[in-house]
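In: mind folding the following:
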Amino acid sequence: MENKTYHITTFGCQMNEHDSEIIAGFLENMGYQPAELENAGIEVINTCSVRENADKHFFGTLGQLKHRKEDDPDFLVAVCGCMMQQKRIVDEINSKYPWVDIIFGTNNLYRFPHLLNDAVSKHDREREVWDEADGVKEGLPSLRKFKHKAFVNITYGCNNFCTYCIVPYTRGRERSRKPEDIIAECERLARDGVEEVTLLGQNVNSYAGGMDFAGLLREVEKVDGIERIRFMTSNPKDLSDRLIEAIADSDKICNNIHLPFQAGSDDVIRRMNRHYTHASYLDLVGRIRAAVPDITMSTDIIVGFPGETEEDFQRTLDMVEEVRYDSAFTFLYSVRPGTPAADFEDQIPEDVKHDRFDRLVEAVNRISAEKNKLYEGRIERILVDGASKREPSAQSGRTDGFKLVNFKSDCDLTGRFVDVRITKGKTFSLEGELV
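Out: Numbers count the residues shown, from 1 in each chain. Next up is the predicted model:
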C-alpha cells in the first residue's frame, strides 16, 4: 500500500471521540499521515449505536465510498465502534457491502494494527468482533485533537441496563482502570502540555478501581500541571455526597456537571430502569447547588419513550423549569433493536413525539438564553481552544462552567488561560472581549 494516509469519520459521544484518537495514534505509529477523505489511502468509520438514526447515518456514509473503492481497489475501508458489536449490522455489511476491508468492535480496539497489517499484506478481508472485552489494555497511543486538553478513560462498559440503551451490549460490562494507571496517564499528559483532562465513563460515579470516584478525583487533583478536571457522565442514582464535597473543596474540579434525568415522570423513569424518582433527583440537585452555588448543569432528555402520556411529558417540562439547566441534549426516542424497550408495545406515534420535542426544545433554549444573559458584564477565565468554528476571525474557549465564549483577538491564544469580559449572552454561547 503506497498511499499511507488516513481519514477518520467519528459518530457519537466522547468515548467514540477518544477511541478515534487512539486509532489515529496507532496509524501515526505505523507511518500513516492524516489527509482529507478524497486523498486518504484508508478511511476508518467509527460508529455509534446511541444517537438517533445511527444506522441511517452510518450506511449512508458507507455507501458513498463504494465508487471510490471501485475506482481504487487499494483504497481501504475499515468500520468499527459500537454498531459493529451488533451481529445484525455486521451481517448487513457482509451481505450488502462486501468490499469493506476491516470490521472490528469496541472490545478489540487494540487489535486494529494487527488487522490493518493483515489486510494490507494478505489483501484479505478482516472481520474480528469479540463479544467480551479482554480486560483493560493500558499504554495505547493517542493522537489528541487538542494539545492542551485530553480525554482519560476511567471505566469501560456499563452495568446499568437502562431499557432504552444499547451500550451494555456494545461496550460490555463495566471495568474500572487501576487508579495508579489513571494517575500515571494524567502525569504523562501534563508533561506533554495538557492543562485540562476530562475523565470518561458511561457512569463515572460507579468507578470501583480500589477507591470511589471522589477519591480518584482528589488523586488526579494532585497532578502538577493539570489545572482543570472535568468528568462525564454521572448517573444520578450513584452520585455521592463525597463527590459533591470533592467538587466544592477543589480549585481544579470544574463547577460543572452533566446529570442526565431522561424523563420527569416516575412511571417513565421506572420503565427506563433508572432507579431514582423526580423528587430524589430534585433533592440531589438541591444538595449539589447548596454546596456549589455557581455550578452549571447540563442534562440528557428523551422524549416519546414507550407509554409516555401527555401528563408524563408535562412532568419532564416541570423538571426543566424546576432545575433550569444551562444546556441539554434532547432526543426523540428511537427503537434500538436488542434493548428491552424495543419490544414495548406502547410505542408513541411520530407526530406526537415531534410535537413534544419541539415544546421541550423551546423551554430548554429559553432558559439557556435567560441564564446566559446573566453573564453579561462578568469577567470569566477562559481556556482558549482556538479559532471559532462560526467566525474564523474570532477565537473561542470554555469557562470553568463549560460555557462557550467567542471573542476577538489579534494573536493566537490557543491553550492559554485568558480573562474575557462577557458582552453578550446568547442562547448557545457567550460573546466577550479580552480584558
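In: from Arg144, how far off is Leu216?
Out: Distance of Leu216 to Arg144, computed by C-beta to C-beta, to the nearest Å: 21 Å. Bear in mind the C-beta positions are built from the backbone N, C-alpha and C, glycine included.
In: give me the more crowded residue out of those two.
Out: Comparing Leu216 with Arg144 by neighbour count (other C-beta atoms under 10 Å), the higher total belongs to Leu216, at 23 against 17.
In: where exactly do the helices run in the protein?
Out: Taking DSSP state H as the test, the helices found in the chain are 14-29, 54-63, 66-71, 87-96, 112-122, 167-170, 179-191, 213-220, 241-249, 266-271, 278-291, 310-323, 350-373.
In: which one of these lies closest to Leu200?
Out: Leu200 lies closest to helix 14-29 among these, at 5.6 Å (C-beta to C-beta).
In: pLDDT averaged over that closest one - what is it?
Out: Across helix 14-29, pLDDT averages out at 92.
In: go on, stretch 38-52?
Out: pLDDT averaged over stretch 38-52 gives 87.
In: repeat for stretch 112-123
Out: On average, the pLDDT along stretch 112-123 is 88.
In: for that stretch, buried residues please.
Out: Buried residues in stretch 112-123, defined by neighbour count with 16 or more other C-beta atoms under 10 Å: Phe112, Leu115, Leu116, Asp118, Ala119, Val120.
In: what does stretch 389-409 give?
Out: Neighbour-count burial for stretch 389-409, counted by 16+ other C-beta under 10 Å, picks out 394-407.
In: export those residues to TSV and tack on distance to Arg230 and pLDDT?
Out: What follows is these, written out as TSV (distance: C-beta to C-beta, whole Å; pLDDT from 0 to 100):
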residue	distance to Arg230	pLDDT
Ala394	23	92
Gln395	20	96
Ser396	17	96
Gly397	14	97
Arg398	9	98
Thr399	12	98
Asp400	9	98
Gly401	10	98
Phe402	7	98
Lys403	13	98
Leu404	14	98
Val405	16	98
Asn406	20	96
Phe407	21	96
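In: low-confidence ranges, this structure, go.
Out: For the chain, the stretches flagged by pLDDT under 70 are 1, 51-54, 133-135.
In: so Phe313 sits against Asp355, correct?
Out: No - counting by C-beta atoms under 8 Å, Phe313 does not reach Asp355; the two are 9.5 Å apart.
In: who's more crowded, these two?
Out: Shown here are Phe313 and Asp355; by other C-beta under 10 Å, Phe313 has more neighbours (25 against 15).
In: ok, and the closest non-adjacent residue to that one?
Out: Arg356 (5.0 Å; C-beta to C-beta, 6 or more residues apart in numbering).
In: then Leu217?
Out: That would be Ala246: by C-beta to C-beta, 6+ apart, it lies 5.0 Å from Leu217.
In: so who does the one you found touch?
Out: If a contact means C-beta atoms under 8 Å, 6 or more residues apart in numbering, then Ala246 has Ala214, Leu217, Arg218, Ile253 as its contacts.
In: mind putting the residues you listed into TSV with distance to Thr330 and neighbour count?
Out: Shown next, in TSV, are the contacts of Ala246 (distance: C-beta to C-beta, whole Å; neighbours: other C-beta atoms under 10 Å):
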residue	distance to Thr330	neighbour count
Ala214	30	20
Leu217	28	24
Arg218	34	17
Ile253	27	24
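In: returning to what we had before: nearest to Phe417, out of the helices of the chain?
Out: Closest approach to Phe417 among the helices of the chain is made by helix 179-191 (15.1 Å; C-beta to C-beta).
In: residues contacting the closest one, please?
Out: The contact list for helix 179-191 (C-beta under 8 Å, 6+ apart) reads 138, 150, 152, 154, 197, 199, 209-211, 215-216, 219-220, 223-226.
In: and the angle from it to helix 213-220?
Out: With axes from the mean of the first three to the mean of the last three C-alpha atoms, to 10 degrees applied, the angle from helix 179-191 to helix 213-220 works out at 40 degrees.
In: buried residues of helix 179-191, list them for me.
Out: In terms of neighbour count (16+ other C-beta under 10 Å), helix 179-191 has its buried residues at Pro179, Ile182, Ile183, Glu185, Cys186, Glu187, Leu189, Ala190.
In: now stretch 70-83
Out: Going by neighbour count (16+ other C-beta under 10 Å), the buried part of stretch 70-83 is Phe75, Leu76, Val77, Ala78, Val79, Cys80, Gly81, Cys82, Met83.
In: ok, Thr316 - contacts?
Out: Under the criterion of C-beta under 8 Å, 6+ apart, the neighbours of Thr316 are Ala263, Gly264, Ser265, Ile301, Val303, Leu360.
In: most surrounded residue in those residues?
Out: With neighbours defined as other C-beta under 10 Å, the most crowded of those is Ala263; it has 27 neighbours.
In: OK, contacts around the residue lying closest to Asn29 once chain neighbours are set aside?
Out: Once flanking residues are discounted, Asn29 sits nearest to Pro141: 5.5 Å by C-beta to C-beta, 6+ apart. Listed by C-beta under 8 Å, 6+ apart, the contact partners of Pro141 are Ile22, Gly25, Phe26, Glu28, Asn29.
In: go through those residues and name the one nearest Thr47.
Out: Nearest to Thr47 among the contacts of Pro141: Ile22, at 15.1 Å, using C-beta to C-beta.
In: my guess is the closest one contacts Thr106. True?
Out: No - the criterion here is C-beta under 8 Å, and Ile22 misses it with Thr106 at 11.0 Å.
In: out of those two, which sits in the busier spot?
Out: Neighbours were counted for Ile22 and for Thr106 using other C-beta under 10 Å; Thr106 has more, 26 against 20.
In: which non-adjacent residue is nearest the more buried one?
Out: Distance criterion C-beta to C-beta, 6+ apart; nearest residue to Thr106, sequence neighbours excluded, is Arg171 at 5.1 Å.
In: one more: Lys408?
Out: Excluding the flanking residues, the one nearest Lys408 by C-beta to C-beta, 6+ apart is Ala394, at 5.5 Å.
In: go on, Ile348?
Out: Distance criterion C-beta to C-beta, 6+ apart; nearest residue to Ile348, sequence neighbours excluded, is Gly304 at 4.2 Å.
In: now do Tyr156
Out: Once flanking residues are discounted, Tyr156 sits nearest to Arg175: 4.9 Å by C-beta to C-beta, 6+ apart.
In: where's Val320 relative to Ala24, distance?
Out: Counting by C-beta to C-beta, the gap from Val320 to Ala24 is 38 Å.
In: what do you get for Ile154?
Out: On the measure of C-beta to C-beta, Ile154 and Ala24 end up 21 Å apart.
In: okay, now Asp412: neighbour count?
Out: 11.
In: tell me the contacts of it?
Out: Contacts of Asp412 (C-beta under 8 Å, 6+ apart): Gly386, Gln395.
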